[in-house]
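Asker: next input, structure requested:
(one chain, ligands or ions: 1)
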Amino acid sequence: MLNNKGRPTQPTVDSNVDDSLETFTGNKGLELETPLIFEQGVPGRIGVDMADPKPVKSRLGGLERKESVGLPDLSEPQVLRHFVRLSRQNYAIDAGFYPLGSCTMKHNPRINEKVARLAGLGDLHPMQPTSTVQGALELIDDLAHWLKTITGMPAVTMSPAAGAHGELCGVMAIRAAHEANGEVRTRILVPESAHGTNPATAALCGYKVEAVPARADGRMDLDAFAEKLGPDVAGVMLTNPNTCGLFETDVKRIADLVHEIGGYFYCDGANLNAILGRVRPGDLGVDAMHINLHKTFSTPHGGGGPGAGPVVFSEGLAAFAPVPYVIQGENGFELVEQVEGDAAQSFGRMKGFHGQMGMFIRALAYMQSHGADGLRQIAEDAVLNANYIRVSLDDKLHSSFAGICMHEALFDDSTLKGTGVTTLDLAKAMIDEGFHPMTMYFPLVVHGAMLIEPTESESRQTLDQFIGAMRYLLDKATAGETDYFLSAPHFSPRRRLDETGAARNPVLRWIPDESADANEKTSVSAAS
Ligand SMILES: *Cc1c(COP(=O)(O)O)cnc(C)c1O
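Answerer: Have a look, this model is predicted:
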């Protein structure tokens, strides 16, 4: 049976699937298959029993809604079961290994959650008078201090709400600095292997993006970079460690070269986890860099929560940073919110209020519970885990670049050549084995890329099980069991999806089908 959007509401027997794997209900084990919440609703069903309200005089000036909103009528257990079931279908770092490269899906320690929920922090309102939130402002100031210390940078702005938002902040500051100098610069150089947000940010700020090729060893080609420099270059956006999981060993030279022509060095710091406590970006000549608190500092992300992307600045750019920021003045902690006085050169405001307070609390709790030695060990263990995977798969998969990697291992798909199995097919089979797939087809400079970032939080047992599953699947693929991969995943609640179709033509609204046929279907499913 299909609903009016073509989605099956009852199990359909898939001709590709062994019949013995189908059930009467469509449920698999205790994984339940249910109709859409709208299809479950029955007019008049209700979850609460309240007395009719006393009639009141309307103050809506005749603007009351005339028709129903169209929400389904449901009982309380129906609502509860619906959302609990959905939450169980949502794979998360709390459920298992999540080796998505470039995403740093590490464990979110419960101490962070506990502290963030303390009434004095969790119940704050951003519009409270500053005299009543001195502790919260001090916490922001404290976190700012540690971010500056860790990166060796003199200034930081806390408000950006994600990594990409931080990039926008950094490049807007670069643009403001050039404008203050009376200069019009039109180009920003970005390596070919950059995260997609880098060229997008530069383009959003009105710059022409020029790609710099990579060398055979996966680092940016320094000669090609030097050739592209000129007085019209506003800056370079470089990720370090880069998206191939490699440290850009020429980083100091790159910084010097861009400074020589009067440009700025934007460093994408999303991969800070690999160098935490080991390298200070300030020592490398960085002018602006975002820090993904939701990656390195363990605040939940990937459907689990909002991000936070504070940006550290060099002396040369600090004056252009956005408002608001916290200062310690005569009356304790204060917020500078206006573009005037000391903040006269600020490029303005990027976000309502002061940033993602809940993430600040979690990040500071994470730093303080680890201490300086613990933070350094995070980077060491993250790099060790990635290299353990790299070496353990070395005879089965081809490492795209020779030598030791940083926090993530990158392989190409040359092993799969001629098997009829693609990186995507392999990833689908990994789901059957109980692993969230790695990042695929990124970075673009590597054919059929598989980017695996285990992070420091995984144990040797988990890594060994993952490596075992990968070796098993790769043997299966090279032994010619192509069909197994083409029909994977076999055990997930949904099988192979049209992901492109879902992204290009998303069906986001449910529209009731008024036809008699549809009503009959509704009553059938309501009765069952
Ligand atoms: C994650 C990431 C970003 C973007 O961060 P968001 O918080 O997702 O906006 C940018 N660059 C790199 C290298 C990243 O890994």
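
Asker: closest residue of the stretch 201-350 of the chain to the ligand?
Answerer: The ligand sits closest to residue 270 of the stretch 201-350 of the chain, with a gap of 3.2 Å, by CB to the nearest ligand atom. For the C-beta atoms, the positions are set from N, CA and C on the backbone; glycine is no exception.

Asker: what about the longest helix in this protein?
Answerer: helix 357-392 (DSSP state H).

Asker: which bits of the chain sit near the ligand?
Answerer: Contact residues (CB under 6 Å from any ligand atom) of the chain with the ligand: 102, 162-164, 195, 197, 239, 243, 268, 270-271, 292, 307, 309.

Asker: how far away is residue 51 from the ligand?
Answerer: Note on residue 51: its distance to the ligand, by CB to the nearest ligand atom, to the nearest Å, is 48 Å.

Asker: contact partners for that residue?
Answerer: Residue 51 makes contact with no residue, according to CB atoms under 8 Å, 6 or more residues apart in numbering.

Asker: show the model's pLDDT score for it.
Answerer: For residue 51, the pLDDT comes out at 92.

Asker: kindly provide the distance from it to residue 233.
Answerer: Here the criterion is CB to CB, to the nearest Å. By it, residue 51 lies 71 Å from residue 233.

Asker: report pLDDT for residue 19.
Answerer: 58.

Asker: for residue 28, same thing?
Answerer: Confidence score, pLDDT, at residue 28: 82.

Asker: quick one: contacts for it?
Answerer: 491, 493.

Asker: how about it, phi and psi?
Answerer: phi -120, psi 110 (degrees, to the nearest 10).

Asker: what bridges to it?
Answerer: Beta-bridge partners for residue 28, by DSSP bridges, are residue 31.

Asker: pull out the buried residues from the longest helix of the chain.
Answerer: 357-367, 370, 375, 377-379, 381-383, 385-390, 392 (16 or more other CB atoms under 10 Å).

Asker: same question, stretch 84-95
Answerer: For stretch 84-95, by 16+ other CB under 10 Å, it's 91, 93.

Asker: how far does it stretch from one end to the other?
Answerer: Using CA to CA, to the nearest Å, one end of stretch 84-95 lies 15 Å from the other.

Asker: what's that stretch in contact with?
Answerer: Under CB under 8 Å, 6+ apart, the answer for stretch 84-95 is 31-32, 34, 98, 105-108, 300, 302-304, 436, 493.

Asker: which of the three states applies to residue 326?
Answerer: Classification of residue 326 using DSSP: H, G, I helix; E, B strand; the rest coil returns strand.

Asker: so who does it touch?
Answerer: Residue 326 sits next to 137, 140-141, 144, 158, 333-336, 354 when contact means CB under 8 Å, 6+ apart.

Asker: any idea of the pLDDT on it?
Answerer: Note for residue 326: predicted pLDDT of 96.

Asker: now do it against residue 136, distance only.
Answerer: Taking CB to CB, one finds residue 326 at 9 Å from residue 136.

Asker: what residue ranges in the protein score low on pLDDT?
Answerer: Where the chain drops to pLDDT under 70, the residues are 1-21, 303-305, 514-528.

Asker: what's the domain layout of it?
Answerer: 113-367, 372-499 (automatic domain parsing).

Asker: out of those, the one nearest residue 38 is which?
Answerer: domain 372-499 (18.7 Å; CB to CB).

Asker: got the end-to-end distance for the closest one?
Answerer: 43 Å.

Asker: ok, residue 276 touching residue 378?
Answerer: Yes. When contacts are counted by CB atoms under 8 Å, residue 276 is listed as touching residue 378 (5.4 Å).

Asker: shared neighbours, those two?
Answerer: residue 296.

Asker: about what we covered before: will you turn the contacts of stretch 84-95 into JSON lines that also has neighbour count and secondary structure?
Answerer: Below are the contacts of stretch 84-95 laid out as JSON lines (neighbours: other CB atoms under 10 Å; DSSP: H, G, I helix; E, B strand; the rest coil):
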{"residue": "31", "neighbour count": "13", "secondary structure": "strand"}
{"residue": "32", "neighbour count": "16", "secondary structure": "coil"}
{"residue": "34", "neighbour count": "17", "secondary structure": "coil"}
{"residue": "98", "neighbour count": "24", "secondary structure": "coil"}
{"residue": "105", "neighbour count": "25", "secondary structure": "coil"}
{"residue": "106", "neighbour count": "23", "secondary structure": "coil"}
{"residue": "107", "neighbour count": "13", "secondary structure": "coil"}
{"residue": "108", "neighbour count": "22", "secondary structure": "coil"}
{"residue": "300", "neighbour count": "20", "secondary structure": "coil"}
{"residue": "302", "neighbour count": "18", "secondary structure": "coil"}
{"residue": "303", "neighbour count": "8", "secondary structure": "coil"}
{"residue": "304", "neighbour count": "14", "secondary structure": "coil"}
{"residue": "436", "neighbour count": "18", "secondary structure": "coil"}
{"residue": "493", "neighbour count": "14", "secondary structure": "coil"}
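
Asker: of all those, which two lie farthest apart?
Answerer: Within the contacts of stretch 84-95, 34 and 106 form the most distant pair, 33.0 Å apart (CB to CB).

Asker: and the helices in the stretch 401-528 of the chain?
Answerer: For the stretch 401-528 of the chain, the helices defined by DSSP state H, counting those that start in this stretch occupy 423-432, 460-478, 482-486, 499-504, 516-527.
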